[in-house]
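Participant: Predicted model and sequence follow; I will ask about them next.
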Amino acid sequence: MAPLLKGFAPAALALIAVAVAPTQATAREWERATASAGLDGIEASRLKFVDLNQDRRPDAVILPDNSASAPRIFLNLARPKSPLGFRYIEKTDTGLPLLSKADIIAFADIDNDGKQDALIGRNLDIYQSNYAPPAEAPKTSAWLPGKGDGSFGAPIPIPAASLATTCSIAVGDVNEDGLPDLFIGNWYERYFSGYEAFANDLLLQYRPPAGSPAFVRWPLPNETAPTDYTTDLGGRPTYGTAFARLDDGLPMLVELNYGRRWNRLYKMDTRKPLRELKDYPATPFILQEPKALAAHLVRHLKGRDIAAEAGVDGDAIRHGRHQKWPLELANDKPRSLRPDEPPFRANGNTFDVAVGDIDNDGDFDLFVSTIFHAWAGDSSDRSRFLVNQFADSGTVAFQESERLSVDRLPEPPGPGEKWQYHHVRQNQGDIFAELADLDQDGRLDLILCSSDYADEAPYEERLRIFLQQPDGSFADRTAQLGIDHIGAGMPSLADVDLDGDLDLLVGQSFNRLTQDQRQAASVASGALPPNHPADAAPERRASLFLNPASEQNHSITFTLVGSPEDNVSRDAYGAIVRLTADLDGDPSTPEVTQARQLLGPGGHAGKQHPLLIHFGLGRATHASAVEIVWPNPQRETTRLTQLAPGHHEITYP
């Protein structure tokens, strides 16, 4: 549980403010460009940007929302005569199979050939009496080799993946051998019929003699322990998984759990060999016994759950007691009359995680997005920033701060005032989150996507943009940016118009919203006219918002190209880039060093963005220094100086 960070204090924040910028530029409105970009009329809650045809233009993938269907792919193609200079054109011959709404798809270069492959996680609810297998291949989780043009080859099954209720897929390189690994999150074994959940799958890639990618499952600690609901060992219902570098060691495994169960954070290490290994991670006997390679990889990797000691398992409240409403209100909200919860159900309904250095101190902080229910009271955690103390202490430990709260909840009644129905009904349906420097001032901002609950304004569930202020706090600037998007689904960030800033594609969910809310959301997206009939049917819309930040501040972006022969995956998962620049343009103040890490797909439902490292430069005209730490055991480093704004492709080493 994260202690409260009382000392994230004005003194420290003032130093950040002086070093970054003396004033904050007025936020300019974003442009809703869905129609002009060729993406109008799309009903989807989940989607993602991926560069599928290797032209540095982010393509859009739209996931199925209801009945089984194939994902739709729209290629971003240059169209100089179109209003935006580009347009999304749908590709019909993709080779992608039918997916259910519950299935997961993500994209990564699994075989290191420079082309993005498709990863499919089948949500197989095998213990339900009405279970039916997928209608077509692949019947289980699989990957499809990418052809480099937005289409894919035949599915290749992943036998090591469990037959389970898969809810998330993360891609990274946990053992630094240059081969992308998978961390698959699984959900309940049988929803509404007990608390048991499938264990998650860490799948380590290896190359057998034939050379084709294969995976071996690494058993997570305590996954076979009996479920006792005290320490809550064994599987927990997982909605999100991620790989993240939070110290100087191997990438850690982040597990985000539902049912107000504790999150997990696995710190990973490798078995220390008795002698130096020249062919990491292989030992001499493997060269003589090829079939032993998979087993050796499992033995060689070690890990333990440090979530409680690091403060990411849940907030400090562990009693599980529900809010005690006046009886006349509680009767209107039956869930509030449920018995109090035991400690193992006293924390988060955590869905997603965002990773970034929010305070520019060199280590990586987290934001966890969590569904909060007023009826559950303190037994339901809230979305929150977790500030890493590694740069100061050398230990991965996260602290919370009241100053960084992004809550949107009504104030409780004062002395003598009565509880009202809006206190009982209130939720915070925070499903997705991401960190990025949207205004390019050198400070990370927060994108928070909330949906699925019919809360009333100003607490309604919508897309919100919190811009980081000079004092390090986060302010809701959604309205000032001209963004109106109720029921925000999955977000994906990319530079769709190649102007240097990050644009946003976001899905939409109308789950549990009232008819009035749905119609208002449809008017905002353009799906309904303002003067629509009272009985008009609302329609969900995915929306593309173009960011105008490049008109005010410069940026630098990087594409990294790894070397699998040197234990760096082709897409350099886990690389860390540090950039130093004079962000305020004042030579009398210190320069600021920002840090980013290259993250693959991860978080809830395989959330992902193109593999682009992005830095805002503020008022700087160049970066004085750039350091790239490549993610292999040797931590090879590339150093550059006096780098101009724009895009740069950097190849290992």
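Facilitator: Everything's here; your move. Just so it is clear, the model here is predicted, and its values are computed rather than measured. Numbering: from 1, shown residues only.
Participant: Quick check, D584 in contact with E591.
Facilitator: No. Using C-beta atoms under 8 Å, D584 and E591 do not qualify as a contacting pair, with a distance of 9.4 Å. Placement of C-beta: from N, CA and C, glycine included.
Participant: Between those two, tell me which one has more neighbours.
Facilitator: The residue with the greater number of neighbours, taking D584 and E591 and applying other C-beta atoms under 10 Å, is D584; the counts read 24 against 16.
Participant: quick one: secondary structure of K291?
Facilitator: Of the three states, K291 takes helix according to DSSP: H, G, I helix; E, B strand; the rest coil.
Participant: ditto for the one 5 residues further on
Facilitator: Secondary structure assignment for H296 (three-state DSSP): helix.
Participant: what about it, how many residues close to it?
Facilitator: 18.
Participant: pLDDT score for it?
Facilitator: Note for H296: predicted pLDDT of 86.
Participant: Tell me how many other residues crowd the residue lying closest to L99 once chain neighbours are set aside.
Facilitator: In space, not counting the residues next to it along the chain, L99 is nearest to P64; the distance is 5.1 Å by C-beta to C-beta, 6 or more residues apart in numbering. Counted with other C-beta under 10 Å, residues neighbouring P64 total 20.
Participant: Surely P64 is in contact with I105?
Facilitator: No. Under the criterion of C-beta under 8 Å, P64 makes no contact with I105, lying 9.1 Å away.
Participant: tell me, what's touching the two both at once?
Facilitator: With contacts taken as C-beta atoms under 8 Å, 6 or more residues apart in numbering, P64 and I105 have P71, L99 as neighbours in common.
Participant: nearest spatial neighbour of D149, skipping sequence neighbours?
Facilitator: If you skip the residues right next to it in sequence, D149 has N53 as its closest partner in space, 5.2 Å away by C-beta to C-beta, 6+ apart.
Participant: Next, that neighbour: secondary structure please.
Facilitator: Using three-state DSSP, the structure places N53 in coil.
Participant: residues touching it, list them.
Facilitator: In this structure, N53 makes contact with D59, L75, G148, D149, G150, judged by C-beta under 8 Å, 6+ apart.
Participant: ok, so of the residues you listed, who is nearest E341?
Facilitator: D59 (44.0 Å; C-beta to C-beta).
Participant: Could you tell me the per-residue confidence at the closest one?
Facilitator: The per-residue pLDDT of D59 was computed as 98.
Participant: residues near it, how many?
Facilitator: Applying other C-beta under 10 Å, we find 25 other residues in the vicinity of D59.
Participant: ok, now R338?
Facilitator: Residues within reach of R338, counting by other C-beta under 10 Å, total 10.
Participant: my guess is it contacts K324, does it?
Facilitator: No. At 11.9 Å, R338 does not count as touching K324 under the criterion of C-beta under 8 Å.
Participant: hey, what's in contact with both of those two?
Facilitator: Here R338 and K324 have no joint contacts, going by C-beta under 8 Å, 6+ apart.
Participant: Now do the helices in the stretch 1-150 of the chain.
Facilitator: Taking DSSP state H, counting those that start in this stretch as the criterion, the stretch 1-150 of the chain contains helices spanning 10-20.
Participant: Run a quick neighbour tally on F432.
Facilitator: Burial measure for F432: 29 neighbouring residues, criterion other C-beta under 10 Å.
Participant: That should have said E434, apologies.
Facilitator: Applying other C-beta under 10 Å, we find 27 other residues in the vicinity of E434.
Participant: And for the one 5 residues further on?
Facilitator: With neighbours defined by other C-beta under 10 Å, the count for D439 comes to 25.
Participant: Name all residues that make contact with it.
Facilitator: D439 makes contacts with A25, A27, D445, L467, A549, Q552, N553, G616, as judged by C-beta under 8 Å, 6+ apart.
Participant: Could you turn the buried ones of the residues you listed into a PyMOL selection?
Facilitator: Only the buried members of the contacts of D439 enter the following PyMOL selection, criterion being 16 or more other C-beta atoms under 10 Å:
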select buried, resi 27+445+467+549+552+553+616
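Participant: before we move on, back to that, in strands only, show me the contacts of N53.
Facilitator: Secondary structure of these is defined by DSSP state E; positions in strands are D59, L75.
Participant: Return a PyMOL selection command for the buried portion of the contacts of N53.
Facilitator: With 16+ other C-beta under 10 Å as the criterion, this PyMOL line picks the buried residues out of the contacts of N53:
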select buried, resi 59+75+150
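Participant: Columns distance to G646 on top of the contacts of N53, output as a markdown table?
Facilitator: Output for the contacts of N53, formatted as a markdown table (distance: C-beta to C-beta, whole Å):
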| residue | distance to G646 |
| --- | --- |
| D59 | 22 |
| L75 | 24 |
| G148 | 25 |
| D149 | 27 |
| G150 | 26 |
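Participant: one step back: let me know the pLDDT of the residue nearest to D149.
Facilitator: On the pLDDT scale, N53 is placed at 97.
Participant: quick one: it and L77, what's the gap?
Facilitator: If you measure N53 against L77 using C-beta to C-beta, to the nearest Å, the figure is 9 Å.
Participant: pLDDT weak spots in the stretch 1-150 of the chain?
Facilitator: 3-26 (pLDDT under 70).
Participant: now with 80?
Facilitator: 1-27, 67 (pLDDT under 80).
Participant: Tell me which residues touch the residue nearest to L99, please.
Facilitator: Taking C-beta under 8 Å, 6+ apart, one finds A70, P71, L98, L99, S100, K101, D103 in contact with P64.
Participant: Could you pull up the residues touching H614?
Facilitator: H614 makes contact with A436, D437, D495, L502, S555, I556, T557, R596, according to C-beta under 8 Å, 6+ apart.
Participant: swap the cut-off to 6 Å and go again
Facilitator: L502, T557 (C-beta atoms under 6 Å, 6 or more residues apart in numbering).
Participant: you'd agree it is in a helix?
Facilitator: No. Looking at H614 with three-state DSSP, it is strand, so not inside a helix.
Participant: Test my guess that S100 contacts A68.
Facilitator: Yes. The criterion here is C-beta atoms under 6 Å, and S100 meets it with A68 at 5.2 Å.
Participant: Point to the helix or strand of the chain where mean pLDDT is at its lowest.
Facilitator: Considering only helices and strands, the least confidently modelled element of the chain by mean pLDDT, DSSP states H and E is helix 10-20, at a mean of 38.
Participant: next one: stretch 326-334 to chain centre, how far?
Facilitator: Between the mean C-alpha location of stretch 326-334 and the chain-wide mean there is a distance of 37 Å, by C-alpha atoms, centre = their mean, to the nearest Å.
Participant: outside of that stretch, which residues touch it?
Facilitator: Stretch 326-334 is contacted from outside by S336, L337, W375, W419, V424, using C-beta under 6 Å, 6+ apart.
Participant: and the last one, what is it in contact with?
Facilitator: Contacts were defined as C-beta under 6 Å, 6+ apart; by that measure V424 touches W325, L329, K333.
Participant: what does the fourth one give?
Facilitator: Taking C-beta under 6 Å, 6+ apart, we find W419 in contact with P326, L329, P413.
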